[in-house]
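A.B. asks: My questions concern the predicted model and sequence given below.
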Amino acid sequence: MNDELKYPAIKAKKLSADNNITAVNGNKIAKLSDYWSWAHSDLLGNTERGIFAEYLVSCALNIQSEPRVEWQKFDLLYNNKIKIEVKSSGYIQTWGQKELSKISFGISSTYGWDAKTNSYEKEKKRQSDIYVFCVHNHKIQETADPLNIKQWDFYVLSTQVLDSKVGQQKRISLSALEKIGAVKCEFDEIAHTIDDIYAKYF
């Protein structure tokens with residue numbers, strides 16, 4: 001299958017915030033950091049908060065040197081073997097709210113996609129070994145700040161437990177996660193918690 005692809009998959013390169021965006025004549029239009037600030041500042045919104053949560057977990061695991069891969073079938077690879085899925089939720093949103101959002105997470109099974117072969121797997125399943133559920137646990141709009149790690153809670157759970165307890169369920173609440181044994185931990189405990197859970201189930 002690989003040999004049939006005229007244009008093979010491209011590995012992302014980590015860019016620098018100081019890289020310039022240049023015009024046809026070579027003059028600088030802006031720095032890449034200007035684009036990032038323009039496009040990705042809404043950290044309270046569901047999309048950017050999710051990506052930011054992935055970054056936080058990558059920092060906790062000290063694996064942020066490689067750029068995020070958009071199409072990968074799991075979010076992070078830890079110790080070159082542990083496949084991690086990161087999910088996020090929060091009480092405060094950037095749109096108008098009549099009440100705080102309820103904390104829940106998408107946990108659907110998927111058909112894994114391989115970018116190298118441009119093909120999907122035949123088995124639908126949860127693709128990771130471990131889930132890390134990240135909650136922006138702050139309920140005061142005026143002081144909500146996703147950049148403040150004190151406003152976050154983290155819960156770690158083996159995918160095996162998720163599969164055995166909820167089957168093909170597509171979403172799960174925070175209270176349900178706690179009932180089936182998700183381990184709550186601080187930011188600086190994430191790596192140790194993942195190590196412990198992986199050793200127990202794999």
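C.D. replies: Cool, the structure landed. Residues are numbered from 1 along each chain as shown.
A.B. asks: Check Gln72 and give its pLDDT.
C.D. replies: pLDDT, Gln72: 86.
A.B. asks: Now do the SS call for it.
C.D. replies: The local conformation at Gln72, judged by DSSP: H, G, I helix; E, B strand; the rest coil, is coil.
A.B. asks: pull the helix or strand with minimum mean pLDDT from the chain.
C.D. replies: Ranking every helix and strand in the chain by mean pLDDT, DSSP states H and E puts strand 110-114 at the bottom, with a mean of 88.
A.B. asks: Which strands or helices does that one pack on?
C.D. replies: Counting contacts by 3 or more Cβ pairs under 8 Å, 6 or more residues apart in numbering; DSSP states H and E, strand 110-114 packs against strand 119-125. In this view, the C-beta of every residue, glycine as well, is placed from N, C-alpha and C.
A.B. asks: Show me which positions of the strand it packs on end up buried.
C.D. replies: When neighbours are counted by 16 or more other Cβ atoms under 10 Å, no buried residue of strand 119-125 is found.
A.B. asks: Other residues contacting that strand?
C.D. replies: Contacts to strand 119-125, defined as Cβ atoms under 8 Å, 6 or more residues apart in numbering, come from residues Met1, Ser109, Thr110, Tyr111, Gly112, Trp113, Asp114.
A.B. asks: Disregarding residues adjacent in the polypeptide, which is nearest to the most centrally placed residue in the chain?
C.D. replies: What sits nearest the mean C-alpha location of the chain, by Cα atoms, centre = their mean, is Glu54, with 3.2 Å. Leaving out its chain neighbours, the residue that sits closest to Glu54 by Cβ to Cβ, 6 or more residues apart in numbering is Val86, at 4.5 Å.
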